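J.: need a structure here:
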Amino acid sequence: MLAVFRALQDRCDARTAYNAGFAIYWAGWCFAFPLALLGPRRVLRLVTSGRTPNGLEGVALLVPVAGGVATQLWPDRQQIDPVVAAVMIGSAAVNAIGEELLWRGVFSEEFPNDPVRGTVWPLAGFALWHLAPQVILPSRLGRWRFVLGSAVAGAASVVSTWRGKGLRWAIVSHLLTDACGVTVARFRLGRDRSEAPTQG
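T.: Below is the predicted model:
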């Protein structure tokens, strides 16, 4: 995906490259790949199932949400209008479901008794994936701080999925966290290009 974003950046304006890169990631990796590997029934079961988290797991799932509110939503709250809010929620829903399927669902299903391949490898992949779109839109927190934050959020999802045997609660946490992204939503709409470099 890093190569995809770089190639798109060389051929399109920043907004188009960013949106096209995510469209490829979502359609190909997040939905087509899990559906092809697991089949629709297993995917549906994963998305709709999951044991209710215990107290500690619930706190872990709330940490990334609180981080999103504190660093993204609250500082930029005055820039939200109905269109921006719709993009925030819509893209968060697609991203949360797709990423939980790819990075948690596939690995927990394929390696149910192997904690390294079932949790550690996909967590590392999930965290490092977040470098790719920052070729176009770097996080104001810094590239590696954003990757670290993604790893923390991913770890909460890993625990919930591994212990709960389903993605439902991880998806809820992920969706609420991603829905805090005001700057990203505005960039998707072409309203704010200030953080996007002209070249990678």
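J.: Let's verify the nearest residue to Ser49 once chain neighbours are set aside: helix, strand, or coil?
T.: Take Ser49 and drop its neighbours on the chain: the residue closest to it by Cβ to Cβ, 6 or more residues apart in numbering is Gly166, 3.3 Å away. To be clear about C-beta, it is placed using only N, CA and C from the backbone, and glycine gets the same treatment. Reduced to three states with DSSP: H, G, I helix; E, B strand; the rest coil, the structure at Gly166 is coil.
J.: Quick check: phi and psi at Gly166.
T.: For Gly166, the backbone dihedrals (degrees, to the nearest 10) come out as phi 180, psi 170.
J.: Measure how buried it is and give me the count.
T.: Number of residues near Gly166 (other Cβ atoms under 10 Å) recorded here: 21.
J.: show me what contacts it?
T.: Residues near Gly166 by Cβ atoms under 8 Å, 6 or more residues apart in numbering: Arg45, Leu46, Val47, Thr48, Ser49, Gly50, Arg51.
J.: So Phe107, which state does it fall into?
T.: Reduced to three states by three-state DSSP, Phe107 is helix.
J.: Could you verify my assumption that it touches Pro115?
T.: No - using Cβ atoms under 8 Å as the test, Phe107 is too far from Pro115 to be in contact (10.4 Å).
J.: related to what we said a few turns ago, and the contacts of Gly166, which two are furthest apart?
T.: Put simply, by Cβ to Cβ the two of the contacts of Gly166 set farthest apart are Val47 and Arg51, 14.5 Å from each other.
J.: higher neighbour count, these two?
T.: Val47 (17 against 13).
J.: State the helix or strand in which the more buried one lies.
T.: helix 40-48 (DSSP states H and E).
J.: Contacts for the helix or strand just after that helix next, please.
T.: Next helix or strand after helix 40-48 toward the C-terminus (DSSP H and E): helix 55-68. Applying Cβ under 8 Å, 6+ apart, the external contacts of helix 55-68 come out as 53, 149, 152-153, 155-157, 159-160, 163-164, 169-170, 172-174, 176-181.
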